[in-house]
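1. sequence first, predicted model second:
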Amino acid sequence: MKYRGLGRTGVQVSTLCLGCLGFGLWTEEAESMDMIDHAIDSGINFLDTANMYGRGRSEEIVGKALKRNGKRSHIVLATKVNSPMDDEDPNATGSSRRHIIDQCEQSLKRLQTDYIDLYQVHRPRSDTPIDETLRALDDLIRAGKVRYIGTSNFSAWQLVESLWVSKELGLNRFVCEQPPYNMLDRRIERELVPMALTYGMGLIPWAPLARGFLTGKYRRGEIFPGEGRLTEERERMIAPTRTRLHFTEQAFAVVDVVGAIAKEKECTTSQVALAWCAQQPGIISPIIGPRTMEQLEDNLGAVSVHITDVDKSRIDSGALPGRAIVPYLIADFRPQQFRW
Ligand SMILES: NC(=O)c1ccc[n+]([C@@H]2O[C@H](COP(=O)([O-])OP(=O)(O)OC[C@H]3O[C@@H](n4cnc5c(N)ncnc54)[C@H](OP(=O)(O)O)[C@@H]3O)[C@@H](O)[C@H]2O)c1
């Protein structure tokens, strides 16, 4: 495993981060805990979860696994706040001081820890001034409950605004951002990546495999068995509008190129897609989201795959730099929140 500095902090994180979204949702607790152990034994020291993943279930499983293996102190543990935690309570959501402090306490309990290494604001909010959010997060750092703060799904201007406010008010600043990024959706290369490189903001992308499409397991015109994340059955469970949005000729053509590169390197298509993501400018650690131990094994192999400049230009010819070639790849985003 290789390690990189997390943005401008002095902390080293593995070049793959284990995403825990599916733990307790589509991966049973026992297998999830074994996967956490295996990832850590393989050198991963960076775990990403969120309060809203299974409404606390994922955090509980992560907490239980770290208690069982006794590795908490070696782990850079990231979680998030912002999404609704109670449908009846209008204050159980968002980036207010009230909700952030309340949820931090809840996450600490579920994670069975005294501190969160990286506490991230899951979505930007236009209804809460950024100074309120930053002051609450700064208080949590000063209280020793949080070590670093970050964001997810923020645009470049929102981050620069936050840096300006932190500087003006003498508050701790965001050190990293978690955007969607993969070969089919390269929008962040236009503004977010240059901003991150300029201001020392670490980028830790989610959906590096475009939710499974870049594994090459989906084929033109073929019906895929029910357990695949992008099959109609699974899609209906998550968000009906997303179904088969990835399944365009342009996207399949990218998978063909990636598959050909993988064949030459004697590795899997998903390993090339993950290695490409990890080796793009500004990227610190793509967040993998394996559903099974077998998928985790495969994903881990990406750390030893080297992507050459020639590979990159072959990929660029279909997966256009700075562009999303699949419309609304991440369709659950409301456009007003995302202004890349
Ligand atoms: N901040 C945010 O807003 C946000 C949003 C989403 C996710 N995240 C974070 O990012 C993490 C990763 O996101 P993601 O799950 O969308 O990542 P992803 O890597 O794009 O997709 C993961 C999916 O790809 C499939 N897959 C992975 N390896 C495979 C293999 N070797 N063979 C076949 N299929 C394979 C699995 O789907 P199947 O079910 O088809 O097997 C798996 O669920 C999450 O766990 C979470 O921590 C953050």
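-> Happy to help now that I have it.

2. residue ranges with poor pLDDT in this protein?
-> Along the chain, the model assigns pLDDT under 70 to residues 223-226, 231-245, 327-340.

3. show the backbone phi and psi for the residue of the chain most remote from its centre.
-> Taking Cα atoms, centre = their mean, the residue of the chain most remote from its mean C-alpha position is residue 221, at 29.7 Å. For residue 221, the backbone dihedrals are phi 70, psi 0 (criterion: degrees, to the nearest 10).

4. distance check, it against residue 171.
-> For residue 221, the distance to residue 171 (Cβ to Cβ, to the nearest Å) stands at 54 Å. To be clear about C-beta, it is placed using only N, CA and C from the backbone, and glycine gets the same treatment.

5. give the contact list for the residue farthest from the centre of the chain.
-> By Cβ atoms under 8 Å, 6 or more residues apart in numbering, residue 221 lies in contact with nothing.

6. show me which residues of the top helix by length along the chain are buried.
-> Longest helix in the chain, counting residues (DSSP state H): helix 249-265. Neighbour-count burial for helix 249-265, counted by 16 or more other Cβ atoms under 10 Å, picks out 251-252, 254-255, 257-259, 261-262, 265.

7. what of stretch 274-285?
-> Neighbour counts using 16+ other Cβ under 10 Å place 274-280, 282-285 of stretch 274-285 among the buried residues.

8. restricted to helices, list the residues you listed.
-> The helices, defined by DSSP H, take in 274-278 from the buried residues of stretch 274-285.

9. is the ligand within reach of the helix or strand where residue 151 lies?
-> Assigned by DSSP states H and E, residue 151 belongs to strand 146-152. Yes - Strand 146-152 is in contact with the ligand by Cβ under 6 Å from any ligand atom, via residue 152.

10. once you drop chain neighbours, what's closest to the residue in the stretch 201-340 of the chain positioned nearest to the ligand?
-> Per Cβ to the nearest ligand atom, residue 289 is where the stretch 201-340 of the chain lies closest to the ligand, at 2.2 Å. Nearest-residue entry for residue 289: residue 19, 4.2 Å, with adjacent residues in sequence omitted and distances by Cβ to Cβ, 6 or more residues apart in numbering.

11. circling back to that earlier point, so the residue of the stretch 201-340 of the chain closest to the ligand touches residue 21, yeah?
-> Yes - assessed by Cβ atoms under 8 Å, residue 289 is found in contact with residue 21 at 5.8 Å.

12. more neighbours: which of these two?
-> Neighbour totals were compared for residue 289 and residue 21, and residue 289 leads with 25 against 19 (other Cβ atoms under 10 Å).

13. not counting sequence-adjacent ones, nearest residue to the residue most central in space within the chain?
-> Central residue of the chain (Cα atoms, centre = their mean): residue 206, 3.0 Å from the mean position. Spatially, and ignoring its direct neighbours in sequence, residue 206 is nearest to residue 287 (4.9 Å; Cβ to Cβ, 6+ apart).

14. ok, now residue 265?
-> Per Cβ to Cβ, 6+ apart, closest to residue 265 is residue 305, 6.1 Å.

15. ok, now residue 189?
-> Counting by Cβ to Cβ, 6+ apart, residue 322 is the residue found nearest to residue 189 once chain neighbours are left out, at 4.5 Å.

16. now that neighbour, what's its secondary structure?
-> Following DSSP: H, G, I helix; E, B strand; the rest coil, the label given to residue 322 is coil.

17. what number of residues lie near residue 45?
-> Neighbour number of residue 45 under other Cβ under 10 Å is 21.

18. how close does residue 227 sit to residue 22?
-> According to Cβ to Cβ, residue 227 and residue 22 sit 12 Å apart.

19. swap that for residue 264, please
-> For residue 264, the distance to residue 22 (Cβ to Cβ) stands at 31 Å.

20. just checking, residue 188 touches residue 203?
-> Yes - counting by Cβ under 8 Å, residue 203 is a contact partner of residue 188 at 7.3 Å.

21. and for these two, which residues touch both?
-> Common contacts of residue 188 and residue 203 (Cβ under 8 Å, 6+ apart): 179, 181.

22. which positions in the stretch 51-200 of the chain make contact with the ligand?
-> For the stretch 51-200 of the chain, the residues in contact with the ligand (Cβ under 6 Å from any ligand atom) are 122, 152-153, 178.

23. quick one: the helices in the chain?
-> Using DSSP H, helices in the chain cover 29-41, 57-69, 97-111, 130-142, 156-169, 192-199, 232-238, 249-265, 269-278, 293-300, 309-318.

24. flag every buried residue along the third one.
-> Residues of helix 97-111 classed as buried by neighbour count (16+ other Cβ under 10 Å): 99-101, 103-104, 107-108, 110-111.

25. which residues touch that helix?
-> 49, 51, 56, 59-60, 62-63, 66, 77, 79, 81-82, 85, 91-93, 114-116, 119, 132-133, 135-137, 139-140, 145-146.

26. just the buried residues of those residues.
-> Buried members of the contacts of helix 97-111, counted by 16+ other Cβ under 10 Å: 49, 51, 56, 59-60, 62-63, 66, 77, 79, 81-82, 85, 93, 115-116, 119, 133, 135-137, 139-140, 145-146.
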